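In: Sharing a model prediction with you, sequence too.
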There are 2 protein chains.
Amino acid sequence: MISQPRVVSRSTLKRLPLYLHLLEKLMDQGVENISCTQIAQEFDFDPTQVRKDLETTGAVGTARIGFRAATLVVKIKEFLGWDNAHDAFLVGAGNMGKALLGYKDFEKYGLNIVAAFDKDARKVGTRIFNREVLPLAKLPNLAGRMHINIGIVAVPAEYAQGVVDLMVGAGIRAIWNFAPAPLRIPEGVILENARLTQSLAVLTNNLTKVLRK
Amino acid sequence: MISQPRVVSRSTLKRLPLYLHLLEKLMDQGVENISCTQIAQEFDFDPTQVRKDLETTGAVGTARIGFRAATLVVKIKEFLGWDNAHDAFLVGAGNMGKALLGYKDFEKYGLNIVAAFDKDARKVGTRIFNREVLPLAKLPNLAGRMHINIGIVAVPAEYAQGVVDLMVGAGIRAIWNFAPAPLRIPEGVILENARLTQSLAVLTNNLTKVLRK
DNA sequence: TTTATATCGAGAAAATTGTATCGATAAAAT
DNA sequence: ATTTTATCGATACAATTTTCTCGATATAAA
């Protein structure tokens, strides 16, 4: 088992889940082997690009056959860190927070939201999708005791930095941010922004261009 | 007024909303002018990159002063098509659909979700954030009459393609997809995927790397 | 008034990412 | 058994994106 300190591009990393979804769908349909060409066709990608992406996961295929779907799924999951569940805390039990708590598929992707926090006393004590909403003040203690590595930020922009500081202070190593705010984090902590507005920007800009014609 | 058929990179398009959020925050604080250097510092970007991004919107700055925040906001919004509201239909009144319906800020970004649709008879007729859930069968007729350009797909993966086909048939020009499924669309229709799993993949892969150390 | 400094704008250079080519190989067809 | 075809894996090439460099300009300081 070789553990390479590979340099993976963000682009590759973002394509891998697409392949994974497709592979799972195809496996449900009984497909056993799949070629890069097929995958590429599905997404309108270049076959070589797909091959390179798969290469980074360490998967090997055979000529004329392609890759074994089952092996590929395992390899991609391993590579993404989706083979071992990561426990996560979520802060902000608003709409976005609720949607995330209700998103069943996260488990498949190795993410396990074990508790939700909110500073609003009215929300504290309620249950959302079978997880109790706890007071924010309890986060630091619990995060340490439960060895939580991932913190999900689903609060309004103005509170986001405060929540992040609390999380980082509690030893959380990775922040998944849904708030539209630039966040400051110390060296060594991972920050990933999941911003809908970025995606929306691409959509509306393209639409505007098309409509102008 | 010059209407340039500019070639904008996706990357630039995705950074623009970040600048916009920051600008709005700074304007609230009374800031009138801002330099690319300042913006760059906030996000850890290269100042030149910020300057180039802003250039694509047609904004012009002055040496030693920077850009007028108010002008910049207008320019970015214009460029992204966020100055005129686009009406949108949403299909899928599940968790993700509800979260999107409850996301007040979309209005600020020129997106106005005017109706929600679902095929589940139990959901039809209920109201979510002040919008009635309508039967899916009514979508084509209504979309045409109301000149809807944007369709938001928030259904499980297996129904996504069917919903998209319905939308496209109803004259919808742009699809914002939240389902983890590859979608087929005809030439001329815009497809933008807003997939959380991609963002999650980047996060967990990085976290795995850090934890292995 | 003169000098220093911050910033823009434009173009060149570097880095990254994506695409094309080609030999090797394994299965299928002849 | 031989030829054909699909595919992998590696490498070279092209395009795109980011970063660097530099002259021009507007304000502030001396």
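Out: Alright, I've got the coordinates.
In: Show me what the helix or strand containing A:E55 is packed against.
Out: If you go by DSSP states H and E, A:E55 is part of helix A:47-56. The helices and strands touching helix A:47-56, judged by 3 or more C-beta pairs under 8 Å, 6 or more residues apart in numbering or on different chains; DSSP states H and E, are helix A:10-28, helix A:36-43, helix A:69-80. Where C-beta positions appear, they are placed from N, C-alpha and C, glycine not excepted.
In: The last one close to chain B?
Out: Put plainly, it is helix A:69-80. Yes: using C-beta under 8 Å from any C-beta of the partner chain, we find that helix A:69-80 touches chain B at A:79-80.
In: ok, and what's touching that helix?
Out: Under the criterion C-beta atoms under 8 Å, 6 or more residues apart in numbering or on different chains, residues A:13, A:16-17, A:19-20, A:23-24, A:26-27, A:31-34, A:54, A:56-59, A:82-83, A:109-110, B:201, B:204-205, B:208 lie in contact with helix A:69-80.
In: same check, this time on the first one
Out: Helix A:10-28 has contacts (C-beta under 8 Å, 6+ apart) with A:34, A:39, A:42-43, A:45, A:49-50, A:52-54, A:56-57, A:69-70, A:72-73, A:76-77, A:79-80, A:109, B:157, B:180-182, B:195, B:197-202, B:205.
In: near chain B, anything from the following helix or strand past that helix?
Out: Per DSSP H and E, helix A:10-28 leads on to strand A:33-34 as the next helix or strand towards the C-terminus. No: Strand A:33-34 stays clear of chain B (C-beta under 8 Å from any C-beta), getting no nearer than 13.6 Å.
In: List the neighbouring strands of strand A:33-34 plus their orientation.
Out: When pairing is defined by DSSP bridges, strand A:33-34 lines up against strand A:67-68 (antiparallel).
In: just how off-centre is the strand it pairs with within its chain?
Out: Distance of strand A:67-68 from its chain centroid, counting by C-alpha atoms, centre = their mean, to the nearest Å, is 25 Å.
In: and it with DNA strand C, contact?
Out: No: using C-beta under 7 Å from any atom of the strand, strand A:67-68 never reaches DNA strand C; the gap is at least 11.5 Å.
In: what ranges do the helices span in chain A?
Out: A:10-28, A:36-43, A:47-56, A:69-80, A:95-101, A:139-146, A:157-169, A:196-212 (DSSP state H).
In: interface residues of chain A facing DNA strand D?
Out: When proximity is defined as C-beta under 7 Å from any atom of the strand, chain A approaches DNA strand D at A:35-38, A:47-48, A:51-52, A:54-55, A:60-67.
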